[in-house]
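[1] Sequence plus the predicted model coming up.
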Amino acid sequence: MSEKNHHDGKRAARERLAVEREKQKAAERRRRTLIVGASVVCVLGLAAVIGLVAANAGKDTGGSSGPVAAPSGAQGKDSLAIPVGQDGAKSTLTVWEDFRCPACKAFEAAYRPTIHELTDAGQLKVEYHLATLIDGNMGGSGSRKAANAAACAQDAGKFTAYHDVLYENQPEETQDAYADNAKLIELAGKVDGLDTPEFRKCVEQGTHDSWVVKSNEAFQAGKFGGTPTVLLDGKNIYQDRTMTPQKLKEMVQEAAKG
């Protein structure tokens, strides 16, 4: 091999190594983003506007009148948790979410398949608590109205499917598309059997609005740092920078053996 070819070969090898290293770095960045990046964005987004919204951060100014009507099957203190999975599961995942929150969408995209697998296997129970943080920070009512619609879906036994549809079709954080009941009803068409007269009436009349407001008040009282807040048997796992869907699966499956 000539000296020129030798040097060219070494240079090509170095370039391939550099490309591979960049791919690994990019993969690690994507993994970190899935786990904690979105959460950081939520916190930073709140901090950036805190001077403007400190007086009403996360508060919902509408929908608080009328009786508190909890959705069918709601559990826990004041019936504020929507349960998914078997009551006898050894592990409980408590999730505080806001349907307008992009960090919540990122969490759902990363963890949803694992959560579905574990709940379907009877190894995990999930308790969903709905908050209206973005309504308070950005203005509007889409968080509350989407949460009400999700509660209406719970009445129909379709919460999980509709919950997923809302995140899959989440508008930009600065857009309040979920404030439009027609949009929420349109998305119900993606869930078999959900778009019924009963569901439409529940959405349009805001049947569970007061319940949503009460749920958000509980979120505020809990002094959580933002949405999503994810607790596994009471321990905040979303703050764990080493957490992955696979690690969550292993923790839940290990507990199920006990």
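    Structure received.
[2] residue ranges for the helices of the stretch 151-258 of the chain, please.
    With helices called from DSSP state H, counting those that start in this stretch, the stretch 151-258 of the chain shows them at 159-168, 181-188, 197-205, 209-221, 245-257.
[3] As a markdown table, those helices with distance to E127, mean neighbour count and mean pLDDT would be great.
    For every residue, glycine as well, the C-beta is placed using N, CA and C. Shown next, in a markdown table, are those (distance: least, CB to CB, whole Å; neighbours: other CB atoms under 10 Å; pLDDT from 0 to 100):
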| stretch | distance to E127 | mean neighbour count | mean pLDDT |
| --- | --- | --- | --- |
| helix 159-168 | 12 | 20 | 98 |
| helix 181-188 | 23 | 18 | 98 |
| helix 197-205 | 21 | 16 | 98 |
| helix 209-221 | 11 | 21 | 96 |
| helix 245-257 | 14 | 15 | 96 |
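[4] Any idea which of those helices gets closest to P71?
    Counting by CB to CB, P71 lies closest to helix 209-221 out of these; the figure is 7.0 Å.
[5] could you say what helices and strands that closest one packs with?
    Here helix 209-221 touches strand 124-130, helix 142-155, going by 3 or more CB pairs under 8 Å, 6 or more residues apart in numbering; DSSP states H and E.
[6] Reformat these as JSON lines; add mean neighbour count and distance to L231.
    What follows is these, written out as JSON lines (neighbours: other CB atoms under 10 Å; distance: least, CB to CB, whole Å):
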{"stretch": "strand 124-130", "mean neighbour count": "23", "distance to L231": "9"}
{"stretch": "helix 142-155", "mean neighbour count": "28", "distance to L231": "19"}
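[7] As JSON lines, those with distance to E15 would be great.
    As requested, the helices and strands packed on helix 209-221 are exported to JSON lines (distance: least, CB to CB, whole Å):
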{"stretch": "strand 124-130", "distance to E15": "46"}
{"stretch": "helix 142-155", "distance to E15": "49"}
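[8] picking up where we left off before, and the helices of the stretch 151-258 of the chain: which comes nearest D78?
    Among the helices of the stretch 151-258 of the chain, the nearest to D78 by CB to CB is helix 209-221 (6.4 Å).
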